[in-house]
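>>> Following is a predicted model, sequence given first.
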Amino acid sequence: MTIKQIAENRSARHEYFITEDIECGIVLTGTEVKALRQGKIQLTGGFARIDKDELWLENVHISAYEQSSTSNHETRRRRKLLVHQKEIKKLKVKTQSKGITLIPIRAYFKGNKVKIAVGLAKGKKAYDKRETIKERDVKREMSRE
C-alpha cells in the first residue's frame, strides 16, 4: 500500500514529548479530500479531544477547494476521527492525567484513504526545548566528523 505524506506538524516535536502515536481515519467531505490532494492543510495548533466516547479533531485548518462552487466546506470545523472503541478507552484513561493531550502529528494518504497520526503528548518546558536543541546539534557535529 502506498503512503503519500500530505503535511507534518513539525512544531509538535519541538513543543511536546510524544510518547506514542495512533493512526486514525478521518471523516471528510468531498471538497476537503480534494483540498488535501493539493496539500492544503495546517496541523499546527490542532488537537484531538474525546467527547462522548468519540474522538474529534479540532482547530485543524483545511483550506477551501478553489474549483468548488457554492458547496464548499467550513475550514476549521470539528472532524470526527475513526478509531476502535478499545483504543478510545485507553486514550481516555491516559489523557485524564495532568498535562497529557492528543496532538495531530501528520496527515497522509494510505492508498486512497486519508489518515491522521495522533500523538499522545506531554508539554515541554523551556529548558527541555533547549536540551533537545543541544542534543540535535551534537548529533549534527558527530555526523559531520
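Thanks, I have the structure now.
>>> Return the helix or strand in the protein with minimum mean pLDDT.
Scoring the helices and strands of the chain by mean pLDDT, DSSP states H and E places helix 10-15 at the bottom, with a mean of 83.
>>> ok now that helix, how far from the chain's centre?
Mean-position distance between helix 10-15 and its chain equals 11 Å (Cα atoms, centre = their mean, to the nearest Å).
>>> Tell me the buried residues in it?
12, 13, 15 (16 or more other Cβ atoms under 10 Å). Using the backbone N, CA and C atoms, a C-beta is placed for each residue, glycine as well.
>>> What are the contacting residues of that helix?
Under the contact criterion Cβ atoms under 8 Å, 6 or more residues apart in numbering, helix 10-15 has outside partners 18, 43, 44, 103, 104, 105, 119, 121, 123, 124, 129, 132.
>>> out of the residues you listed, which are buried?
For these, a burial check counting by 16+ other Cβ under 10 Å picks out 18, 43, 103, 104, 105, 119, 121, 124.
>>> among those, which are in helices?
Judged by DSSP state H, helices contain none of these.
>>> Could you save those as JSON lines and add columns showing distance to residue 142 and pLDDT?
As requested, the buried ones among the contacts of helix 10-15 are exported to JSON lines (distance: Cβ to Cβ, whole Å; pLDDT from 0 to 100):
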{"residue": "18", "distance to residue 142": "23", "pLDDT": "88"}
{"residue": "43", "distance to residue 142": "31", "pLDDT": "88"}
{"residue": "103", "distance to residue 142": "29", "pLDDT": "92"}
{"residue": "104", "distance to residue 142": "32", "pLDDT": "93"}
{"residue": "105", "distance to residue 142": "26", "pLDDT": "92"}
{"residue": "119", "distance to residue 142": "27", "pLDDT": "91"}
{"residue": "121", "distance to residue 142": "28", "pLDDT": "88"}
{"residue": "124", "distance to residue 142": "23", "pLDDT": "80"}
